[in-house]
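A.B. asks: just to be clear, the model below is a prediction. Sequence and coordinates:
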Amino acid sequence: MAGAEDQLELKFRIYDGTDIAHSTYAPSTTIATLKQRLVAEWPQDKSVIPKSVSDIKLIHAGKVLENSKTLEESRIHIGDLPGVITMHVVVQPPLAKKKTDKSQEDMAKQNSCSCTIL
C-alpha cells in the first residue's frame, strides 16, 4: 500500500498543448526512461516528431531534467497540492552539420587579423 502512495502521477505537455503519456511513475524512474516512453507514444499526426530520446528535453519547474537522474533525484515530488504533475516537452532535433567551401572561406575571413600600423 505504501508503494502506491509513493507513485507520481505525471502528464507531459507538448508544444501545441496536447497532453501525452498520462500515467503514474515510480520515483526511481529515470528521465531517459520517460523520454523513451514519450518517443514511443508521440502522436504521429503532429508536425514535429522526435526521432530519438536525444531530440527531447523535459522541463519541470523551469529546469531541464538530466537523462541520467531519476525523478526523485530531480526533486520531482508531490507538493502540498494534490493532483497531476505536468512536465513540458520540447522537441529540439539536432542541427545537420553542413559545411561548404563558402562557409569555410567566410570563417577564415572572420578569423583573420586586419590591423594597420601607421
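C.D. replies: Looks like it came in fine.
A.B. asks: which parts of this structure are helices?
C.D. replies: Using DSSP state H, the helices of the chain run over 2-6, 31-41, 101-111.
A.B. asks: low-confidence ranges, this structure, go.
C.D. replies: 1-5, 77-82, 94-116, 118 (pLDDT under 70).
A.B. asks: nearest residue to residue 35 other than its sequence neighbours?
C.D. replies: Using Cβ to Cβ, 6 or more residues apart in numbering and skipping the chain neighbours, the partner closest in space to residue 35 is residue 53 (4.3 Å). For glycine as for every other residue, the C-beta is placed from the backbone atoms N, C-alpha and C.
A.B. asks: where's that neighbour relative to residue 6, distance?
C.D. replies: 25 Å (Cβ to Cβ, to the nearest Å).
A.B. asks: same question, residue 28
C.D. replies: On the measure of Cβ to Cβ, residue 28 and residue 6 end up 9 Å apart.
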